[in-house]
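*Asks:* model the structure of this input:
(one chain, ligands or ions: 2)
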Amino acid sequence: MTADKSITRRGLVLILSSPSGAGKTTLTRNLIEKAELELRLSISVTTRPRRPSEIDGVHYHFIEKDQFVFQRDRGDLLEWAEVHGNFYGTPRKPVEQALAAGRDMVFDIDWQGTQQIVEKMRDDVVTVFILPPSMAELKARLVRRAEDAPEVIAQRLENARGEISRWALYDYVLVNEDLGVTFRDLEMILHSERLKRERRVGLSAFVDRLLAERC
Ligand SMILES: Nc1nc2c(ncn2[C@@H]2O[C@H](COP(=O)(O)OP(=O)(O)O)[C@@H](O)[C@H]2O)c(=O)[nH]1
Ligand SMILES: Nc1ncnc2c1ncn2[C@@H]1O[C@H](COP(=O)(O)OP(=O)(O)O)[C@@H](O)[C@H]1O
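*Replies:* Ligands and ions are numbered 1, 2, ... in the order given. Down below sits the predicted model:
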């Protein structure tokens, strides 16, 4: 009797949230680029203008506000929120397809969206909040990223305290000082969560067979 084939696993959704500039986009990218982790990114729709380094359909689906309202009202979005004056939402279909096929997804979404997803699918969600080591470093990272106008950076910094105050809603909280350390911690969280008893299908039948075995 071998355990490997009879024990499978339900898919999970790993959610990363943080104030702007703490590093969640970088960490998310690193996770999906490591092929053996087998994580797929949920590509959100947004009404925010595209940044110079972003590609439509890769980083976000950039859409107009009327398109967003249409998709939202038709029920195409699993969750949505207004953040920094723009609308963001998670397309429902790719998530449902991935989970049904037992694949895992990573979401880079804010605390409002996280709450909506947790209410809908608590058992299948793992939430991680990323904190910056200091407010000075948060500002320095936003400036170094050099993707946003000064007034956009100022607004994101102003909103940072409100976002940070939501930290206790999350399953895990990581301080992203050293990127390599934070990434390894995330990998360990993912690995442990994948091994959780509740996520493993066929375990009970396997144990029954194990106990019935004569040696
Ligand atoms: N609720 C929700 N939030 C999202 C979604 N996509 C992105 N966000 C959040 O919107 C905020 C702004 O994202 P973005 O404009 O890319 O700026 P960044 O935080 O500086 O990288 C971040 O907190 C994201 O996590 C989404 O689909 N739903
Ligand atoms: N641990 C870290 N140390 C130094 N710089 C970092 C670290 N993590 C991310 N960065 C840099 O900080 C900037 C903001 O990171 P990003 O991933 O875009 O943040 P967010 O998606 O949370 O807004 C980027 O230029 C990124 O390269």
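*Asks:* quick one: contacts of the host helix or strand of residue 185?
*Replies:* In the assignment (DSSP states H and E), residue 185 maps to helix 179-195. For helix 179-195, contacts defined as C-beta atoms under 8 Å, 6 or more residues apart in numbering pick out 9, 12, 14, 16, 23, 26-27, 30-31, 34, 37, 39, 104, 126, 128, 130, 172, 174-176, 199. C-beta coordinates here come from the backbone N, C-alpha and C atoms, glycine included.
*Asks:* cool, stretch 70-88 as well?
*Replies:* Outside stretch 70-88, the residues that touch it by C-beta under 8 Å, 6+ apart are 20, 44-48, 63, 65, 68, 89-93, 95, 109-110, 112-113, 116-117, 120, 152, 155-156, 159.
*Asks:* for the protein, which residues are neighbours of ligand 1?
*Replies:* Applying C-beta under 6 Å from any ligand atom, we find that the chain lies next to ligand 1 at 17, 20, 25, 44, 48, 79, 81, 83-84, 88-90, 108-110, 112-113, 156.
*Asks:* return the members of the contacts of stretch 70-88 classed as buried.
*Replies:* Listed as buried from those are 20, 44-48, 63, 68, 89-92, 95, 109-110, 112-113, 116-117, 152, 156, 159; burial here means 16 or more other C-beta atoms under 10 Å.
*Asks:* near ligand 2 too, which of those?
*Replies:* Okay, of the buried ones among the contacts of stretch 70-88 touching ligand 2 (C-beta under 6 Å from any ligand atom), that's residue 20.
*Asks:* tell me which of the buried ones among the contacts of stretch 70-88 fall in helices.
*Replies:* Of the buried ones among the contacts of stretch 70-88, the ones assigned to helices by DSSP state H are 68, 92, 95, 112-113, 116-117, 152, 156, 159.
*Asks:* tabulate those (JSON lines), appending distance to residue 167 and pLDDT.
*Replies:* Formatted as JSON lines, these follow (distance: C-beta to C-beta, whole Å; pLDDT from 0 to 100):
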{"residue": "68", "distance to residue 167": "28", "pLDDT": "98"}
{"residue": "92", "distance to residue 167": "27", "pLDDT": "96"}
{"residue": "95", "distance to residue 167": "25", "pLDDT": "94"}
{"residue": "112", "distance to residue 167": "14", "pLDDT": "98"}
{"residue": "113", "distance to residue 167": "16", "pLDDT": "98"}
{"residue": "116", "distance to residue 167": "18", "pLDDT": "97"}
{"residue": "117", "distance to residue 167": "17", "pLDDT": "97"}
{"residue": "152", "distance to residue 167": "23", "pLDDT": "91"}
{"residue": "156", "distance to residue 167": "17", "pLDDT": "93"}
{"residue": "159", "distance to residue 167": "14", "pLDDT": "94"}
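*Asks:* ok, now which ones touch residue 46?
*Replies:* Counted by C-beta under 8 Å, 6+ apart, residue 46 has contacts 60-63, 68, 86-89.
*Asks:* for it, name its beta-bridge partners.
*Replies:* As for beta bridges, residue 46 partners with residue 62, residue 88 under DSSP bridges.
*Asks:* in the chain, which residue sits nearest ligand 1?
*Replies:* Nearest residue of the chain to ligand 1 (C-beta to the nearest ligand atom) works out as residue 113 at 2.4 Å.
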